[in-house]
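> Make a model of this:
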Amino acid sequence: ILVRVAAEKNIRSVAGRRSRFHSLRASKVSPKSMRATPPEDDSDLTSLGRTSGGSAADPAMPIPENVAGALVYVTFIPAILFLLIEPYKRSFFVRFHCFQLLFLCVAVAAMGIGFWIVADVMLLIPFIRILVFPLGMLLALAAITLWGLLVVKAYQGIVFKLPIIGDRAERRTEAWAQTR
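Here you go, the predicted structure:
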C-alpha cells in the first residue's frame, strides 16, 4: 500500500512539473503511457517549424517519422542526412533524435578517450591492471544497451530525453527550427 501511495504521489509530482519541452512539443504526451498523441491545434506548431507527426499516409514523408527516428541511431551519417533532407528537417521528432544522437556520439567519444587515458594509467599498477578489461567491457555493454533503448523508443514514437544530452538536443532543435 505504501508503495502504491508513493508511486501515485510521484506521478502527480512529475505531472505537475511539466517542462517547457512537453508544452511546446509537436505532440502532447500523456504521463501514463508516454506515447505521442496528436495536438488539438496545429497553429502554434507550424510557427515553430514542427509538424503534428508524419505517418505512412503522409505523402510528404516517404518514410514514417518513427522509422526515420530509429534509423537516425544507426550511425551519425543518417542523422546528418535527415537534418538536410527536406521533409525530415521540418519534423521536430526526427530533428530531436538527430541532435540527441550527435551529442551522444560526442559524449561517448569523450568518455572513450577518457577511459583510454585512465586505462593506460591503470595498466601501470600491477594489481589494478586486471580491472581494465572488465571495466572496458562494462562500458561497452552500457553503450550498446543505451543505443538499443534509444532505437526502440524512437521506433515506438516516443521522445526519450537523455538527462543532459536530451536537454541540449531540445534547445538545439528549437534553435534550428527558428533559423530555418
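> and the closest residue to Gln156 other than its chain neighbours, what does it touch?
Leaving aside its chain neighbours, Gln156 sits nearest to Asn66 (6.9 Å; criterion: CB to CB, 6 or more residues apart in numbering). (C-beta placed from N, C-alpha, C; glycine too.) With contact set as CB atoms under 8 Å, 6 or more residues apart in numbering, Asn66 has these partners: 93, 154-157.
> Any idea how many residues pack against Ile130?
Per other CB atoms under 10 Å, the neighbour tally for Ile130 reads 10.
> sorry, that was for Leu138
Around Leu138 there are 11 residues (other CB under 10 Å).
> Same check on Phe127?
6.
> what does Phe96 give?
Applying other CB under 10 Å, we find 27 residues neighbouring Phe96.
> Report the separation between the residue nearest to Gln156 and Thr173.
Distance of Asn66 to Thr173, given as CB to CB, to the nearest Å: 17 Å.
> and Lys89, how far is that from Met111?
Distance from Lys89 to Met111, by CB to CB: 29 Å.
> May I see the buried residues of the longest helix anywhere in the chain?
Ordering each helix of the chain by length in residues (DSSP state H) puts helix 92-122 first. For helix 92-122, burial by neighbour count (16 or more other CB atoms under 10 Å) applies to 92-104, 108, 115.
> Pass me the low-pLDDT residue ranges in the protein, would you?
Residues of the chain that meet the criterion pLDDT under 70 lie in 1-59, 180.
> at 80 instead, please
1-61, 177, 180 (pLDDT under 80).
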